[in-house]
Every structure is written in structure tokens, then in C-alpha cells.
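**Q** output the structure for:
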Amino acid sequence: MKTDLVIAGFGGQGVLFAGQLLAHAALDADLHTTWYPSYGPEMRGGTANCTVVISDEPIGSPVVARPEAALVLNLPSLDRYEPLVRPGGLLVVNASLIDRQVRRTDVDVVAIPADDVAAELGSPRLTNMVLVGALLARRPVFTLDHVVATLERVIPERHRQLLPANRAALERGAELADEVGAAAATD
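**A** Below is the predicted model of the structure:
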């Protein structure tokens, strides 16, 4: 088993944290993993992305030219990573900030208004967890319970009060991904 993905957006959207969470979840499952961050010098508001590789065998390189999946939180990230996802791969799109359709027809697309969902759940900082939940619904590398247990272990003490909201965001993202999938199956 090997899964590789890129998470991309603006600095401050929780891109790097989402990748770290998945990498920690892999370690908690006794899997091999790499987390490879990249961000502009501006940090908050600049570009940010990370690559996560999860495998049951040793990983040769953290660099991924053609990821299996991409979580894109803004339009520049969609423009950059849409062409790179492998055919048959997955694009999870933050439809709140992306005003165009995915052009490819050879990938699975889950477009969710993640910013809007996060706002409904009470915090714009939950966007990343909504999209991670959607990813896990379509690529169940881990269960949501496993990711929540990892989150409980790694979240800083000053943010522990956010655990229920993060769980709700993961669950809502998974629900929406299932709804998108069911709607696509009936078309």
C-alpha cells in the first residue's frame, strides 16, 4: 500500500498542519511516512503546500511528481496541481474559493464549499479538516476515529478546546464527499 498526496493553498489555511496530521496518523499506524513542506517567504497569505507519502514499505523519496491525490484550497493551487494528479486520482477542491470547474475528466473530483462549512461549524480555521475528512471518505487510508485519536495526541494544549469542532469538521467533510459521490453516481 502506498498513498501520496499534495495539500496546497495560502499560508494560514492550515495546509501544513493537515499534512502533519496525516503523517502523524501514519506513524501511529506503524506505517512509513514523509511530510515535505514548502511555503513562500510571506508565510501567512503566501503560497503553502506539502507532500505526504504514506506506505507500508520504506519510502525512497519525499518528492512526488504525479500525486495520487491533491487537496486544493484556492484557485492558484488548482491551476498548479490539477494537471499533475495521476489519471484515476482524486482532486478535493475547496469550492468556496475556487470559481471554476475542474477541467479533467480522468480524475475523481470532490468539490466542497469547505470555507462555508467551516463557518457553519463556528470557525474558518476548520477548512483544512473539512477537506481532510472528504479525502478520507474517498481514500480511506485511515478511519476518522484514527485521525481524531492522532489529533488528540498531537494538538497543543492551548488548542484542546477545538477537538470537538475538528471532529465535527472531519465528519462533515466525509459526509459531503459521500453526498457528492452519490450525486455523481446518479448523473
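**Q** for A69, see how far away the residue nearest the centre of the chain is.
**A** When C-alpha atoms, centre = their mean is applied to the chain, the residue found nearest the centroid is V132 (3.9 Å). Distance, V132 to A69, using C-beta to C-beta, to the nearest Å: 11 Å. Backbone N, C-alpha and C define where each C-beta goes, glycine included.
**Q** who touches both of those two?
**A** By C-beta atoms under 8 Å, 6 or more residues apart in numbering, V132 and A69 have no common neighbours.
**Q** rewinding a little: can you pull the contacts of the residue nearest to the centre of the chain?
**A** Neighbour list for V132: 18, 21-22, 71, 147, 170, 173 [criterion: C-beta under 8 Å, 6+ apart].
**Q** D108 reaches A137, doesn't it?
**A** No - counting by C-beta atoms under 8 Å, D108 does not reach A137; the two are 11.0 Å apart.
**Q** and these two? Which one has more around it.
**A** A137 (22 against 18; other C-beta atoms under 10 Å).
**Q** what's the more buried one sitting at in phi/psi?
**A** Phi and psi for A137, reported as degrees, to the nearest 10, are phi -70, psi -30.
**Q** the helix of greatest length in the chain: how far from the chain's middle?
**A** In terms of residue count, the longest helix belonging to the chain (DSSP state H) is helix 163-186. Its chain's C-alpha centre and that of helix 163-186 lie 13 Å apart, by C-alpha atoms, centre = their mean, to the nearest Å.
**Q** neighbours of the residue lying closest to A25 once chain neighbours are set aside, how many?
**A** Among residues not flanking A25 along the chain, T150 sits closest, at 4.3 Å (C-beta to C-beta, 6 or more residues apart in numbering). For T150, the count of nearby residues is 21 (other C-beta under 10 Å).
**Q** just L121 next, same as before
**A** 20.
**Q** and the gap between the nearest residue to L144 once chain neighbours are set aside and F17?
**A** Spatial nearest neighbour of L144, excluding adjacent residues (C-beta to C-beta, 6+ apart): L170 at 5.2 Å. Going from L170 to F17 by C-beta to C-beta gives 13 Å.
**Q** tell me which of these two has more neighbours.
**A** L170 (26 against 18).
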